[in-house]
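In: can't give you the sequence, but here's the structure:
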């Protein structure tokens, strides 16, 4: 369970020990980041607080930065399985099921962790909550080809993402940094020039390790879904599909010109690259044609 | 092997026995169709010959029509397995692998054949060369719900399709009826306003019993494929997908704006309902949007 | 000037004379409509009040209905020019400049008014605030071809529209009937998958008597305009154009591939048929392609 | 009238005097170009002959190049009006009506010719057959801002275009360089998934000095026009519109959902920048939406 959030105003006014007690865990096993950030109080917004803490890291000595990175647990490792992780790390890895890998998956992570450790001398750090399992494995392989300097910068950037998400959970106050993304849709019926109402819309994650179904819903009177298809968290970098059941929609309107209908379930496949972005993916459709695009 | 084709001019001029020898097998086990058609010679075109023969069937007594239907083998039946079919029927059923079903598939056909025979008193006839396996099974279930009169008419229409294809193979001459369909495509790059060249395009058949890959090719300088994706035969009624590899295309042009790219392999799924139709299915694409439609 | 609006609650509670004083002018020269509606008080909403009054008209004797129609001034007539109209009618006709026609236009109205009067025995009534001048003239010619019964029904429907607009101005309260329409737009850049910001957008009315420029603005960071292109009143039935200056937009982004650019100012022409509707007319554009549609 | 064309084979075999007699006029008042090209005979194709002649010009001394440019008449000048031009120049300028300018237009050309002559010391040369009047005037203003060296190169390039068109008229043989452009269209009905047949299509040239209507026609059974909208000559650089009368088309099919229809005459405006290019400008339309793009 997460602790109750602290007020930003309190953090700007409290004593040093309370400040460190509240924020010492934002950067994994590195209470010194909070300690040093204390000296540049006050922070006008939560985003400014995050900014202050990441600048503290950027200004630290290289050895301190390496220690910070080394303070993170391996992904999908024995340590994780044995439970010897901070509670926050356990939750984050658990959100992707990385704390309960199969033997095969465990072996793949083992191999990657080993190669990575030998090459860089520190564990692979990634902000798990911004990724699908497929995307973590792809990124892992890719980052193995980085130079040591580029990889250290990448690891610190990921640590900044992790800290940002922890901070948004831990601190109440105005000016929170944006951490949520959104997938939304809209179906237009170009035959009648109206929103397409009652169209079944199914969002799935795709890929070898994908979780599959994420949302199944029906378009409303405005051709939209009552809630976004995905929101209230970072989107996970990865591959997705929205399936639009327009064959059934047009058949119900008496407009199924052919049998079987030329278009039935229209799949739109796309990738998320910005976890904090808004992906509006509409469909303009007739029984014989459709268009889709990243909208806004 | 098919016999060498006979010239239409010869059929218009030859004696009755030669005429029947040449065309007696066009309607399965029913040389009387050719016999009666002989009396309305000459035929200006192959299509007129087909027309003359199907009119002969339409004008026949109901009992003769039923005998004609009953002259056809069951689909996927023991008879087929035992090889006790006319050579033409064997080839036609073989084109879908219906002469070599698995035990499970055989059992499904057995069940449908039995139900159908009990309901209508004649075997299920369908022009196999115009269908996928999935479409045959769907149609089989559907036709079981017909009234006897409607179903007899449907069976005769299918026999007409079978005869048309046999006739086109068996007779040389002008005015052949159209029996070939076509699937073609065209990829436009809307960023540069040019044909998209070098795009991988993969056509597959979809469905539980589908054969899968039908064609894999690359778009040429005009954004088209050098040959149609499918042609030179009736299209098979059923479900298809064209996968357009536009992610790789735009990446090769240095236009991959995001990583992973928003659009990578774009699947366009559609159904064929007219085996003799032209299905032109183009894609207009940018890295962030696409349109598709049945064109011409 | 319009009088200050009366509260619906007051109308539901006041005495008969006050009720008639407040609403006697809603139906032109026909205080009896308010009189009779008084007896079916109270009204839960302004829409219900309008409904009550139009039902009163529908339930009236044919002779009363004809008197009601005859109580309206001619459009663009000598009476109008002489100022002998109710203040509300003067304002309504004035909104289209019908109180100040040129000699030629006056002559056209004269001719139409004369033909109409001879055919139907009452003046041509139309809810001017829902029309452009061109649409009034087109409708005038068209309605001359109606049967007398159909035309009487049409005139009463128009009188209902006039009353609805007057009521919305005259009465404060919840549940106002919808009288406003809206034209909005949105420009998407399909090359970059983002809203197109800074695109000049010009809305004009089109037609022989059109007023021309209605709005000229620039798209904002979301590719929309800060305010709808038109709103806060009924849209006027008629012909419109939105000109999108996308040539300048793409040139400013360094994407003008050809000189002169293939697309420069893109005109989208459409007609408004529902004055109370929302017409969302977006543009999805690259330097070489665009799509538009009635959206929502 | 143009002279009968000479065979390329004859030019490759004839004597020097005949060669110069045939080709001496290809470059205006500069028979030396043909003279020198004679020495690099034979030419495998007409394109190779054109290539040989333009290389001769490129290899000439700067003074000779300037003389070549100075051998061209001014555009729309007194000389032109007085008829003191070569027959070929007279025809070329006449094709745009530049031999019969109004006093105002004459004055504008006079002013531009004067400014240009003062700046560069030679007359403004442009391949008139590749331009509209508006495009010539725009280009004239623009080229006044060039450096002298850039402008000399531009003038020689235009002279090459002029020569290419004269050569294609003057010489018969294989391998002619491409000098013709083409505008074509195609209308698809996305409601029925078929070509839109019987749609009125009107091509006009646009601009202050534009000739207006170029072609008015009707789409055929394939949704195309029986002939290209424009072909068999270079397209003229400039601004164009194709008006598609889809309102009438959908009304005739009983699909006019609104009155007046949302879409009636759809204007598509575009510019030609490559006179030898193929501009395929299709329309995909429903009563409520359309797409257009440069196709192929």
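Out: Yep, that arrived. Owing to the predicted nature of the structure, the values given are computational and were not obtained by experimental measurement.

In: the helices in chain A, which residues?
Out: A:8-13, A:16-23, A:31-38, A:46-59, A:62-70, A:78-82, A:87-94, A:103-120, A:133-143, A:148-170, A:246-252 (DSSP state H).

In: Could you tell me the least trusted of these?
Out: With a mean of 57, helix A:78-82 has the lowest mean pLDDT of the helices of chain A.

In: State the pLDDT value of the most centrally placed residue in chain A.
Out: Centroid-nearest residue in chain A: residue A:130, 2.2 Å away (criterion: CA atoms, centre = their mean). Note for residue A:130: predicted pLDDT of 96.

In: now residue A:207
Out: Per the predicted model, pLDDT is 90 at residue A:207.

In: Same question for residue A:84.
Out: Model confidence at residue A:84 (pLDDT) stands at 64.

In: cool, and residue A:275?
Out: So residue A:275 comes in at 97 (pLDDT).

In: do you know how far the closest residue in space to it that isn't next to it in sequence is from residue D:281?
Out: Leaving aside its chain neighbours, residue A:275 sits nearest to residue A:234 (3.7 Å; criterion: CB to CB, 6 or more residues apart in numbering or on different chains). The C-beta positions use only the backbone N, C-alpha and C, and glycine is treated the same way. For residue A:234, the distance to residue D:281 (CB to CB, to the nearest Å) stands at 43 Å.

In: Just list the residues touching residue A:223, thanks.
Out: By CB atoms under 8 Å, 6 or more residues apart in numbering or on different chains, residue A:223 lies in contact with A:186, A:187, A:188, A:189, A:194, A:195, A:196, A:197, A:199, C:296.

In: Farthest-apart pair in these, please.
Out: Farthest-apart pair in the contacts of residue A:223 is A:199 and C:296; separation 13.5 Å (CB to CB).

In: and these two? which has more neighbours close in?
Out: Higher neighbour count among residue A:199 and residue C:296: residue A:199, with 25 against 19, using other CB atoms under 10 Å in any protein chain shown.

In: That one contacts residue A:251, correct?
Out: No. Look at residue A:199 against residue A:251 with CB atoms under 8 Å: they stay out of range, at 11.7 Å.

In: mind listing what residue A:290 touches?
Out: Each residue near residue A:290 by CB under 8 Å, 6+ apart is listed here: A:246, A:263, A:266, A:283, A:284, B:291, B:292, B:293.

In: The same query, at a cut-off of 7 Å, please.
Out: By CB atoms under 7 Å, 6 or more residues apart in numbering or on different chains, the residues touching residue A:290 are A:263, A:266, A:283, A:284, B:292.

In: What residues of stretch A:10-17 count as buried?
Out: Neighbour counts over stretch A:10-17 (16 or more other CB atoms under 10 Å in any protein chain shown) mark A:11, A:14 as buried.

In: Not counting it itself, show me its contacts.
Out: If you take CB under 7 Å, 6+ apart as the criterion, stretch A:10-17 is touched by A:19, A:22, A:38, A:41, A:42, A:43, A:171.

In: And it, how far out from the chain middle?
Out: 31 Å (CA atoms, centre = their mean, to the nearest Å).

In: Around chain C, which positions in the stretch 51-200 of chain A sit nearby?
Out: Counting by CB under 7 Å from any CB of the partner chain, the stretch 51-200 of chain A comes close to chain C at A:188, A:190, A:193, A:195.

In: out of those residues, which are inside strands?
Out: A:188, A:195 (DSSP state E).

In: Of the residues of the stretch 51-200 of chain A next to chain C, just say which sits nearest to chain B.
Out: residue A:190 (10.5 Å; CB to the nearest CB).

In: Chain neighbours aside, what residue packs nearest to the closest one?
Out: Using CB to CB, 6+ apart, the closest residue to residue A:190 is residue D:289 (4.1 Å).

In: Distance check, residue A:286 against chain B.
Out: 8 Å (CB to the nearest CB, to the nearest Å).

In: ok, that residue touching residue D:285?
Out: No. Counting by CB atoms under 7 Å, residue A:286 sits too far from residue D:285 to count as a contact (10.2 Å).

In: so what sits against both of the two?
Out: The contact lists of residue A:286 and residue D:285 share residue D:190, where a contact means CB under 7 Å, 6+ apart.

In: near chain D too, which of the contacts of residue A:290?
Out: Counting by CB under 7 Å from any CB, residue A:284 from the contacts of residue A:290 sit close to chain D.

In: Return the member of the contacts of residue A:290 nearest to chain D.
Out: For these, the nearest to chain D is residue A:284 (6.6 Å; CB to the nearest CB).

In: Can you name the residues that contact the closest one?
Out: Residues near residue A:284 by CB under 7 Å, 6+ apart: A:188, A:190, A:290, A:291, C:293, D:289.

In: If you rank the residues you listed by neighbours, which is first?
Out: So for the contacts of residue A:284 (other CB under 10 Å), the most neighbours sit at residue A:190, 29 neighbours.

In: which bits of chain A sit near chain B?
Out: A:258-267, A:269-271, A:273, A:288-294.

In: Filter the residues you listed down to the buried ones and express that as a PyMOL selection.
Out: In PyMOL syntax, the buried subset of the residues of chain A next to chain B is picked out as below (16+ other CB under 10 Å):
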select buried, chain A and resi 258+260+261+262+263+264+266+267+269+270+271+273+288+289+290+291+292+293+294
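
In: Tell me which entries of the residues of chain A next to chain B lie within strands.
Out: Counting by DSSP E, the residues of chain A next to chain B contribute A:265, A:266, A:267, A:269, A:270, A:271, A:289, A:290, A:291, A:292, A:293 to strands.

In: which residue does the stretch 101-250 of chain A bring closest to chain D?
Out: residue A:193 (3.0 Å).

In: What pLDDT does the model give that residue?
Out: 95.

In: Settle this for me: it is touching residue D:263, isn't it.
Out: No. Using CB under 7 Å, residue A:193 is not in contact with residue D:263; the gap is 9.2 Å.

In: Around chain D, which positions in chain A sit nearby?
Out: A:190, A:191, A:192, A:193, A:257, A:262, A:284, A:286, A:287, A:288, A:289.

In: at 6 Å instead, please
Out: A:190, A:191, A:193, A:286, A:288, A:289 (CB under 6 Å from any CB of the partner chain).

In: And the second one, how far from residue A:248?
Out: To tie it back to what came earlier, the one meant is residue A:191. Taking CB to CB, one finds residue A:191 at 15 Å from residue A:248.

In: and those two? which has more neighbours close in?
Out: residue A:191 (24 against 15).

In: show me what contacts that one?
Out: When contacts are counted by CB atoms under 6 Å, 6 or more residues apart in numbering or on different chains, residue A:191 touches A:286, D:191, D:286.
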